[in-house]
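> With the sequence up front, the predicted model follows.
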Amino acid sequence: MKILPLNSIAKKSGFVLLLVLMTAIGWIAASFTAETQEVDISYQRYFNDNYKIFSLNTPAGITFAGEKVPLEIEDVRESLDRELLVNTYWQSQGLLFHKRANRWFPVIEPILAEQGVPDDFKYLAVIESGLDNVVSPAGATGYWQLMRETGREYGLEINNEVDERYNVEKSTVAACKYLKAAYARYGNWTMAAASYNVGMYGLAKQVDRQKADNYYDLLLNSETGRYLYRTIAVKEILSRPAQYGFHFRPKDLYQPYETYDVKVDTAVSDFTEFAFQNGINYKILKILNPWLRDTYITNPDRKTYAIKLPKPSETGMVPYELRPEQKALIDTLSSDSIK
């Protein structure tokens, strides 16, 4: 019998051990992979059974501002379908639209009625700004996204101290003036709405070029081409939220601010002091009066401004509880903050 050297035996033993180890690892890996695949298959099956995305019915007989939307035209129907899908399945945006509408529609609706503008135009403010005081890259500002020149043309004060584009009541009046002027020019509210996006001159240019004076017959740029359909889709979804999968409890919706007005016809040197003197802080003053663009107003013309302050309420914005040091500061203040 041949006796192998010890180092040869050790090498063979090591090889056998390595082979056994690799086999064991391979078996474990195969078992784990099989188990993982089974879990993945089960998960995918559950997903397929429970996750559903539905197409939407196109509403019949829909109108905007009392004017019929011609859904019998294929591209009109498909354009509205696109905006219904986008705005239904962009759920976070839809939720915010519903919540904010509960706060701001009660402010906007009576102004539209008073100005003789159809109620449907409140949805224009929704698609313009999301009912938020935003500023576009082009400089359009506020709930109605008015440009500086347009705002001034329709009666708004816009300067470094006061910008009434941020005032929802006054900017709504200005938007109404524009829309009535556009209606007088084009003879229907649909074209007036389109001109709000592209401008009266821009729309008139396309009317002359294409020899068509109906929004649904015009080929417009992508943004304006979608503009009215977005407005109509938002009207449909906000008017019938449950049909589009949006469900709310009353407490989920943003409540209207309960306020009263303080008339100021002088300069105010420091709005922080002004806020303290009226039992609130500067933040609350600015939330309620975003049109105040600086910490003071010089008011050289002695105009009368209505500054909103919160009423005590369990559901609305309550007056701010001043800290002791703030109360002490008020005691030291004279009337110098209001001159």
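Yep, it's here.
> Low-confidence ranges, the stretch 51-200 of the chain, go.
Scanning the stretch 51-200 of the chain for pLDDT under 70 picks out nothing.
> Buried residues in stretch 84-91, which are they?
For stretch 84-91, the neighbour count (16 or more other CB atoms under 10 Å) marks 84, 87-88 as buried. C-beta: built from backbone N, CA, C; applies to glycine.
> where do the strands sit along the stretch 201-339 of the chain?
Taking DSSP state E, counting those that start in this stretch to define them, one finds strands in the stretch 201-339 of the chain at 259-264, 305-310.
> Please identify the most buried of those.
Comparing those by mean neighbour count (mean count of other CB atoms under 10 Å), strand 305-310 comes out on top with a mean of 19.
> Which residues does it contact?
With contact meaning CB atoms under 8 Å, 6 or more residues apart in numbering, strand 305-310 is reached by 162, 257-265, 278-280, 284-285, 288-289, 292, 297, 299, 316-319.
> angle of that strand against strand 259-264?
Interaxial angle, strand 305-310 versus strand 259-264 (axes from the mean of the first three to the mean of the last three CA atoms, to 10 degrees): 140 degrees.
> Note down every partner strand of strand 305-310 and its orientation.
Next to strand 305-310 in the sheet, as set by DSSP bridges, lie strand 259-264 (antiparallel).
> Could you measure from residue 311 over to residue 280?
11 Å (CB to CB, to the nearest Å).
> Quick check: chain neighbours aside, which residue is closest to residue 62?
Nearest residue to residue 62, sequence neighbours excluded (CB to CB, 6 or more residues apart in numbering): residue 69, at 4.9 Å.
> before we move on, what about residue 156?
The shortest distance from residue 156 to any residue other than its chain neighbours is 4.1 Å, reached at residue 164 (CB to CB, 6+ apart).
> Spell out the residue ranges of the helices in the stretch 151-300 of the chain.
168-186, 189-198, 200-210, 222-239, 271-277, 282-288 (DSSP state H, counting those that start in this stretch).
> Show me the one of those helices that comes nearest residue 76.
helix 222-239 (8.1 Å; CB to CB).
> helices or strands next to that closest one in the packing?
For helix 222-239, the elements it packs on are strand 63-64, helix 74-89, helix 91-115, helix 122-129, helix 189-198, judged by 3 or more CB pairs under 8 Å, 6 or more residues apart in numbering; DSSP states H and E.
> Show me the one of those that comes nearest residue 226.
For the helices and strands packed on helix 222-239, distance to residue 226 was read as CB to CB. The smallest value, 6.6 Å, belongs to helix 74-89.
> tell me the angle the closest one makes with helix 222-239.
60 degrees.
> angle of helix 74-89 against helix 122-129?
Using the same axes, to 10 degrees: helix 74-89 against helix 122-129 is 70 degrees.
> Distance from the chain centre to helix 74-89, please.
Put simply, helix 74-89 sits 19 Å off its chain's centre (CA atoms, centre = their mean, to the nearest Å).
> what packs against it?
helix 91-115, helix 222-239.
> just those helices: most buried one?
Most buried among these, counting by mean count of other CB under 10 Å: helix 222-239, with a mean of 20.
> For the residue nearest in space to the middle of the chain, list the residues it contacts.
Among the residues of the chain, the one closest to the centroid is residue 130, at 2.5 Å (CA atoms, centre = their mean). By CB under 8 Å, 6+ apart, the contact set of residue 130 is 93, 96-97, 100.
> one step back: which one of the strands of the stretch 201-339 of the chain lies closest to residue 40?
strand 305-310 (54.7 Å).
> Now do the closest one and helix 168-186, the angle between them.
Using the same axes, to 10 degrees: strand 305-310 against helix 168-186 is 120 degrees.
> Dump strand 305-310 to PDB, restricted to CA.
Coordinates of each C-alpha in strand 305-310 appear next as PDB, following Å, rounded to 0.1, in the frame of the first residue of the first chain:
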ATOM      1  CA  TYR A 305     -56.400 100.300   4.000                       C
ATOM      2  CA  ALA A 306     -58.500  97.500   5.500                       C
ATOM      3  CA  ILE A 307     -56.200  95.300   7.500                       C
ATOM      4  CA  LYS A 308     -57.700  91.900   8.500                       C
ATOM      5  CA  LEU A 309     -57.400  90.700  12.100                       C
ATOM      6  CA  PRO A 310     -58.600  87.300  13.400                       C
END
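> pLDDT on it, on average?
Strand 305-310 shows a mean pLDDT of 97 in the predicted model.
> One more: stretch 208-226?
Mean predicted lDDT for stretch 208-226 stands at 96.
> Pull out the buried positions in it.
So for stretch 208-226, counting by 16+ other CB under 10 Å, buried means 213, 215-216, 218, 220, 224-226.
> can you check stretch 274-294 too?
For stretch 274-294, a neighbour-count test (16+ other CB under 10 Å) marks 274-276, 278-282, 284-286, 288-292 as buried.
> Residue 192 - how many residues pack around it?
Neighbour count for residue 192, taken as other CB atoms under 10 Å: 26.
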